[in-house]
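S.K.: I need the structure of the sequence given here:
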Amino acid sequence: MRMRDEAELVERVLRGDESSFETLLHPYRKGILNMAYQITLNAEDAKDISQEAVVKAYKYLKKFQKTKNFKNWIYKITANAAYDFLRKQRSDRNLINEKERMGLESKSSPEEYYHNREIKEKIEFCLHGLSPKEKIVYMLRDIKEFSIKEASQTLNISSQSVRTHLSRARRKIRSQFEILNQKTGGANEL
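M.R.: Sure, this is the predicted structure:
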């Protein structure tokens with residue numbers, strides 16, 4: 001969607017046309033949910049964060065600068081909501097329901113379930129050691145393919161800070177992969 005189209009939809013919403021908000025948000029709904037999931041690694045938490053981000057976007061739409069990129073703005077709101085969630089979660093130290101976290105309620109075949117569970121476990125293992133800021137920067141840059149400048153604007157931090165957090169995240173992920181490979185007797189072992 002072009003910025004001009006987005007600016008027009010924003011104007012319509014601000015004039016009271018609520019259906020235009022859904023049109024404005026539609027291209028980003030899946031990305032918002034995916035981003036929240038990749039940060040939290042929990043489907044229910046991701047849904048809650050996504051919903052919170054959408055509500056905040058609607059509530060603060062009048063503050064959106066129409067000369068800016070709506071995609072960056074909505075992802076920034078999502079990242080902030082996820083970051084707030086992780087901070088609260090870290091301070092509360094709530095345990096995550098293992099059954100839900102691993103997707104045991106899935107209606108997939110046993111082979112699909114095992115493969116999906118194995119992938120989830122590897123992802124969780126590698127992302128576990130990242131700080132919330134590193135996870136968000138990693139998500140924006142390497143998963144959502146934001147440029148350094150876009151990630152910097154989205155998170156309201158300097159480009160150098162994005163590079164630093166991204167470098168740390170990648171280094172930690174590589175280290176976690178090495179550990180995982182050693183534990184599981186990976187291909188590097190003879």
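
S.K.: quick test: name the residue nearest the centre of this structure.
M.R.: For the chain, the residue nearest the mean C-alpha position is residue 35 (2.2 Å; Cα atoms, centre = their mean).

S.K.: who's in contact with that one?
M.R.: Residues in contact with residue 35 (Cβ atoms under 8 Å, 6 or more residues apart in numbering) are 75, 78, 79, 82, 139, 140, 143, 144. In this view, the C-beta of every residue, glycine as well, is placed from N, C-alpha and C.

S.K.: mind checking pLDDT for it?
M.R.: Listed pLDDT for residue 35 reads 88.

S.K.: distance of it from residue 78?
M.R.: 5 Å (Cβ to Cβ, to the nearest Å).

S.K.: and what of residue 56?
M.R.: If you measure residue 56 against residue 78 using Cβ to Cβ, the figure is 9 Å.

S.K.: higher neighbour count, these two?
M.R.: Neighbour totals were compared for residue 56 and residue 78, and residue 78 leads with 30 against 15 (other Cβ atoms under 10 Å).

S.K.: wait, the more buried one sits on residue 49?
M.R.: Yes - if you go by Cβ atoms under 8 Å, residue 78 and residue 49 touch, sitting 6.8 Å apart.

S.K.: next, show the common contact partners of those two.
M.R.: residue 36.
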